[in-house]
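*Asks:* Sharing a model prediction with you, sequence too.
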Amino acid sequence: MNMAPQLQADITPEGPDYDIVRSVIEFLTVEYREQPSLEAIAAHLNQSPTQLQKTFTRWAGLSPKAFLQAVTLDHAKRLLRQENMPLLETSIEVGLSGPSRLHDLFVTHEAMSPGEWKAKGGGLVIRYGFHQCPFGTALVMTTDRGLAGLAFGDGGDDATCLEDMTSRWPNAKFIQDSEATSSYAKRIFEPGNWSSDQPLRVVLLGTDFQVRVWECLLKIPMGRAVTYSDIARDIGQPTASRAVGAAVGSNPISFVVPCHRAIGKNGALTGYHWGLTRKRAMLGWEAGKA
DNA sequence: TTTAAATGTTCAT
DNA sequence: ATGAACATTTAAA
């Protein structure tokens, strides 16, 4: 309600948190057969076990052990099985600018007109800024109609990250303006700020097919997962699962459009534009908040 | 468990 | 127009 200046610090209390967490996840992923003990992990990172335990838990809401369990095949399959009845079919009569009630974050979305899409962003003014978030550095992009892009980068690859995004809309005009984008960052990464009073407005810049896929993703509740073929079925092209994968992968608003909740039919995490480790991190983080 | 063929969209010749 | 790439999936060996 108030407190503008400090919020960004609240999001990431200790700057390097994600760096540590990321290392832990990477280590666990490679060595998970060994079921490494907390001591082993800590030793590998040159940290004290208690320190590490505390940092990790503060970040994820889950102990490293519970986290490891949350990202295994078994757990993923359970998430899928749970999705038998209700998920995609029952939901929502969303027209083009209809509000969709999410289980978690409230979003209103709006697709671009075909003419605007053909212009590849021409005549569009996009403001962008970098912000710290629980998953590293986030690049936030907005238009006057709402959030248009969200990307991630670690360390010094901010430039790479920016390049990746700007090349999607070559004719748009880009202006650096962290002031304008910071309010979005605050809203997105702090679950406490999620409310229906002020829905988050997003603009879907993509082809017809892509937009349909992304709208599907928006219906997936927090802590749940669906397969690529589920989505294909829901948009009326049951055999297009592969195409769906491609569309999911080109989603410009990562995290807000929960592309990390789409997984393979056997429960395996297949791919992620910003790195599989980050996908695991997001799934585990959500498991801790749910 | 690994391999091969089928599949739909997008992007580059 | 045509072909290759892709964050898939299924069936067959």
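*Replies:* Cool, got the structure.
*Asks:* burial count for A:Gly245?
*Replies:* 20 (other C-beta atoms under 10 Å). The way it works is simple: take the backbone N, C-alpha and C, and place the C-beta from them, glycine included.
*Asks:* Let me see the contact set for it.
*Replies:* The contact partners of A:Gly245, taken as C-beta atoms under 8 Å, 6 or more residues apart in numbering, are A:228, A:262, A:270-271.
*Asks:* To which secondary structure element is it assigned?
*Replies:* helix A:241-249 (DSSP states H and E).
*Asks:* Tell me which residues of that helix come out buried.
*Replies:* Within helix A:241-249, the residues scored as buried using 16 or more other C-beta atoms under 10 Å are A:241, A:243-245, A:247-248.
*Asks:* Would you check which of the residues you listed are in contact with DNA strand C?
*Replies:* Residues of the buried residues of helix A:241-249 in contact with DNA strand C (C-beta under 7 Å from any atom of the strand): A:241, A:243-245, A:248.
*Asks:* In CSV, list these along with pLDDT and distance to A:Leu45.
*Replies:* Listed next are those as CSV, based on pLDDT from 0 to 100; distance: C-beta to C-beta, whole Å:
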residue, pLDDT, distance to A:Leu45
A:Ser241, 97, 38
A:Ala243, 98, 41
A:Val244, 98, 38
A:Gly245, 98, 34
A:Val248, 98, 33
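*Asks:* Report the separation between the residue in the stretch 1-150 of chain A that DNA strand C sits nearest to and DNA strand B.
*Replies:* Residue nearest to DNA strand C within the stretch 1-150 of chain A: A:Leu80 (9.9 Å; C-beta to the nearest atom of the strand). For A:Leu80, the distance to DNA strand B equals 19 Å [C-beta to the nearest atom of the strand, to the nearest Å].
*Asks:* which residues touch that residue?
*Replies:* So A:Leu80 contacts A:225-227, A:263, A:265, A:267 (C-beta under 8 Å, 6+ apart).
*Asks:* confidence score at it?
*Replies:* Confidence at A:Leu80, expressed as pLDDT, is 87.
*Asks:* neighbours around A:Ala240, how many?
*Replies:* A:Ala240, neighbours per other C-beta under 10 Å, totals 19.
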